[in-house]
Every structure is written in structure tokens, then in C-alpha cells.
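>>> Build the 3D model from these lines:
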Amino acid sequence: MGRQELVERILSDAESESQAVIAEAEKMAGQIISEARSRAEKSMEAARADAQVKSAAIADSRAATARLDSAKILLGEKRGVIDDVYSSAAKQLAAMDKKDCLSFIKNLLDKYAETGDEVVLADNFKYSADVAKFDIVKQKNLKLVFGGAGISGGFILRGKKSDRDLSIEALIAADRAEHEAEVAAELLR
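Below is the predicted model:
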């Protein structure tokens, strides 16, 4: 074998070996690319699933916030209406005619006054002389005090055992504390 033949054989073997190395490298590169694509696809699927979960959580959170805000607004509106109802009731009580006013005062005295109580009437009470004529005032030996109560309507009972605020404001507040839930329920109908 001559030198030229040996060189050609070495080049041929080198060419074959380089072809084999290239083929093996291409095969490995194909596997690596395939595995990378597979990992990328799995990663994309996981990212999509995570995005859907986060999107649902955000939507649920916003829906809950919207429901809460809506409930707050509704509650505020109901409170406003209830405030208006009780404000109107207070105005109607304050604007009663003489007959109704005296009947109202008499009923409260019958129900709450005790013997010897002091009845402190509102500063602006117009019918003091008429209240003084009530039988119950004489029967229970009630002492009438005209003005000085600092209330706009009704009266305050000052007794030996306890005092009772029977002013329009106090009566309205007591009724509201007792019946506000019922009034609110009626408003929802």
C-alpha cells in the first residue's frame, strides 16, 4: 500500500467516522429537541392550568367583593330609609293635634307614672294646663314641672326609685331598637 492510498484510506476512515459522529450528534440533537419540546409543552400546559386557576380565583374574589359592596350599598340605603321612617314618625308625634297629644300623654302617664313622681314636660309643650287636669295627676299625686327638660316633646318622669325618659326622642329610639329588624324586613318585600 502506498502512501497515497494510506492517506486516502485515513481520509476515508475519517470521513466515515465524522459522518457517524455527525449522524450520532444529529440523532442526539433530535432527541434533545424532542425532549425540550415535550418539556416546553408540559410547562405550557401547567402554565395554562395555573393561569386558569388564578383567573378563576380572581373572578371569584372580584365577584365576592362586588357582592359585599352591593350588600353594603343596600344596607346603607335601608338604613337611610329606616332613618327617614323614624324621622317622619318623630315629626308626626311632634305635630299631633291637641286631642291626640293629650291622649298620648295620658296613656304614657297611666302606664309609667308612679305615686309622687315629678312630670317634667317639654319646654315647648302647649297643653300643660290640660295635663294638670288629668285624674291620674291627682290620683298619683304627680307634680308637674313646666320646662327645663331639654327635650322637644313628651316628658321625663322623675321618681323616688328611678327616672324615665318618655320624650319623643327616647320613645322613637326605644321603638327603633326593638323593631328596626322588622322594619328592615318589611322594606325588602
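>>> So, low pLDDT: which residues of the protein?
Applying pLDDT under 70 to the chain flags the ranges 1, 148-149, 188-189.
>>> the helices in it, which residues?
3-94, 98-112, 128-132, 135-139, 168-187 (DSSP state H).
>>> can I get the ones you listed in a markdown table with mean neighbour count and distance to residue 156?
Every C-beta, even on glycine, is put in place using the N, C-alpha and C of the backbone. Listed next are those as a markdown table, based on neighbours: other Cβ atoms under 10 Å; distance: least, Cβ to Cβ, whole Å:
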| stretch | mean neighbour count | distance to residue 156 |
| --- | --- | --- |
| helix 3-94 | 11 | 16 |
| helix 98-112 | 15 | 11 |
| helix 128-132 | 14 | 13 |
| helix 135-139 | 13 | 15 |
| helix 168-187 | 13 | 8 |
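>>> To residue 158, which of those helices lies closest?
helix 98-112 (11.8 Å; Cβ to Cβ).
>>> still on that earlier bit, JSON lines for the helices of the chain, including distance to residue 162?
Shown next, in JSON lines, are those (distance: least, Cβ to Cβ, whole Å):
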{"stretch": "helix 3-94", "distance to residue 162": "23"}
{"stretch": "helix 98-112", "distance to residue 162": "10"}
{"stretch": "helix 128-132", "distance to residue 162": "21"}
{"stretch": "helix 135-139", "distance to residue 162": "18"}
{"stretch": "helix 168-187", "distance to residue 162": "14"}
